[in-house]
Structure formats: C-alpha cells, structure tokens
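Enquirer: Here is my input; please provide its structure:
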Amino acid sequence: MKHIFIINPTAGKADGFDLLRVIYSVCLMNGNDFDFEFTNSIGDATKLAKKNALENKQCIVYSVGGDGTLNEVVNGIVNTDAILGILPFGSGNDFFRMLSDTKIDIISRTINGFIDETNIGYANKTHFINIASLGYDAEVAVNASIMKQHKLIPNDMIYYASIFYTLLSYKFPNVKISFNDVDLEQKITLLAICNGKYYGNGIPIAPTANYKDNLFNICLADKINKARIPFLLTKVLKGEHESFNFVHTYQSDYIKAEAEQPISCNVDGETFTSDSFEFGIVKNKMKVLKPR
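Expert: Numbering: from 1, shown residues only. Take a look at the predicted model:
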C-alpha cells in the first residue's frame, strides 16, 4: 500500500519542517512505501490526487492542509479505489471533526488508522465531502474571498468583516426547491445541504448529520428580517437554530434548486455561480482513514 501525502505548504497551523519530519519518521518506523507531493496553486491537489490514484492500484492519498486542500483531493480521487487520509493543518478542518475529537498525535494515529467509509456529494459538476450551501453563508464566502484577494483587511478579520458587509448587501433570492415529495418556492436566508455536521470553523449547522447514512441533512432558513440574521447566527453557533419556526430540517439523497437569477453556491469553501443546482450522493462511498 503506497502512502501519498499531498501537502499544501501555505495552509499552516503547524511548522512545515516539523510536519514533514514527523510524517517521514512515522512512515519510516512503519516501513511504509511513501511519497510527498507539493501544491503550488489552486487545482494542483486535484491533479496530483487523480494522477496518483490512477497510477497506484492500492494507495492512500492524504490531504495535508485545510478544507480547501481536502476538497481538491476528494475531487481528484472520487470514483477511484484510493483511500482518503486527512491530516488537518488548516484553519477550519470541519469534516475531520467527525473523525476525531482530538489532534493529539494525529499524524501517527491517522497513518495507523482504520478504514471507514463516507458518502460523497455532488453539486452540479463539483464533488464535496462536507457541506454545500446557497444563500447568505455562500455570499459571505464569496465576499471573504474578494477581501482576501484585495488584501483590504487583516486575514484574521476577513470572515467577520464579510459577515457584516454581506448583511448590508444581501438580497434574498427566490428559489424553487424540490426533493422527495416536497416542492417549495420561496425567498431564503440560507439552504445548507449537509453530509457533515460542521462548517465555518466548527459551526454545527447540521448537528445530527451522519456522513455514511446515504442521506443529506437539509437546513432551510426562510427569509427573515435582516435585523434578525445576527440573532440567527448566534443560535447557529450554538447548534440551537433548529428549534425556530423559520428554520426547517429535512433529509433526502437528492435536491434540486432553481433561482430566478444566478446565485452563489459554497461547496466546502469553494464557490461557483449558477441559476440551477442539483445536489446528490455519489453511488460508491469513499474509503477514509479514521484515526485510532
């Protein structure tokens, strides 16, 4: 079994040299066949993951970085026989929170972990392991990305600044939503399609989600007065939002959403724009290493 480590050197909650040293030491101690691959730009992790998954009949492809790197690796190995490994060294690491409640000795425990399975979702042509969303939170992600590109404010303030800016500029989209036997048409605050429980660095948007039950947990928030959005956000942060009558929860393995004009979709931190969205679950589960 070959171990391929796809490393994003710019994602860093750990010293890069120490990280490589520990991975190298663990693999050497185990007698693993291993290799390092490094990303330089957006999309590299997908290309490297796909290349290694196709070249090696049996391999574990590790995402070493944050949620963005993980999203790319997932899109590279989906529908292959490769096993996914996650070494969480980014800022959010939201899907990983369901695999382990601690990062202590995480490199060794993951490399020596056991194989679990997870559903993989798709949003139009993009795959995701965690959460896809439309509405306010997707616009927050878009505006945060713009702020980051233009270096308007310090990085640690970007997310909060984007929440405030989006609150002022947000226009509630009118969306037709279909799943199971449900057909809705309404203006929305947000619509989250959840394979995982958390997004936005630990926010429990879907507290009861199960990543291998073949169902998405759906969270739909009706249009509310803008002045109430901060209140909703405080409740989401505590996982208490599902008790309100303007928040609705469902489960389904397929959802279609159509907007009157193009809107943003946030897929595990990456965004794209369309006026028509299909969300579904890939037929074959992805194998994933769960830390011991």
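
Enquirer: What segments of this protein are helices?
Expert: Remark: helices assigned in the chain by DSSP state H are 16-30, 44-55, 67-77, 106-111, 136-150, 155-169, 229-237.

Enquirer: as a whole number, average confidence for stretch 278-288?
Expert: Across stretch 278-288, the average pLDDT comes to 97.

Enquirer: neighbours around the closest residue to I218 other than its chain neighbours, how many?
Expert: Spatially, and ignoring its direct neighbours in sequence, I218 is nearest to Y250 (4.3 Å; Cβ to Cβ, 6 or more residues apart in numbering). (C-beta placed from N, C-alpha, C; glycine too.) Y250 is flanked by 15 other residues according to other Cβ atoms under 10 Å.

Enquirer: Now do the strands in the stretch 101-250 of the chain.
Expert: 114-118, 121-123, 126-128, 131-135, 174-179, 182-194, 198-199, 203-204, 216-222, 247-252 (DSSP state E, counting those that start in this stretch).

Enquirer: Pull the distance from the third one to the chain's centre.
Expert: Strand 126-128 sits 9 Å away from the centroid of its parent chain (Cα atoms, centre = their mean, to the nearest Å).

Enquirer: from what I can see the residue nearest to I218 touches A206, true?
Expert: No: using Cβ atoms under 8 Å, Y250 makes no contact with A206, being 10.8 Å away.

Enquirer: Now for those two: what residues contact both?
Expert: Here Y250 and A206 have N217 as joint contacts, going by Cβ atoms under 8 Å, 6 or more residues apart in numbering.

Enquirer: Contacts only, for the residue lying closest to F36 once chain neighbours are set aside.
Expert: Excluding the flanking residues, the one nearest F36 by Cβ to Cβ, 6+ apart is F5, at 5.1 Å. When contacts are counted by Cβ under 8 Å, 6+ apart, F5 touches I23, F34, D35, F36, E37, Y62, V64, L87.

Enquirer: Flag the shaky bits of this structure, pLDDT-wise.
Expert: In the predicted model, the chain carries pLDDT under 70 at residues 11-16.

Enquirer: So what pairs up with C265 in the strands?
Expert: L134, F272 (DSSP bridges).

Enquirer: Would you mind splitting the protein into its domains for me?
Expert: Residue ranges for the domains of the chain, per automatic domain parsing: 2-112, 128-282.

Enquirer: Quick one: distance of the shortest one to the chain centre.
Expert: Looking back up the chat, that one is domain 2-112. Relative to its chain's centre, domain 2-112 lies at 15 Å (Cα atoms, centre = their mean).

Enquirer: Span of that domain from start to end?
Expert: End-to-end span of domain 2-112 (Cα to Cα, to the nearest Å): 13 Å.

Enquirer: Skipping adjacent residues, who's closest to P230 in space?
Expert: In space, P230 is closest to L167, 7.3 Å off (Cβ to Cβ, 6+ apart).

Enquirer: just D213 next, same as before
Expert: Excluding the flanking residues, the one nearest D213 by Cβ to Cβ, 6+ apart is N119, at 7.5 Å.
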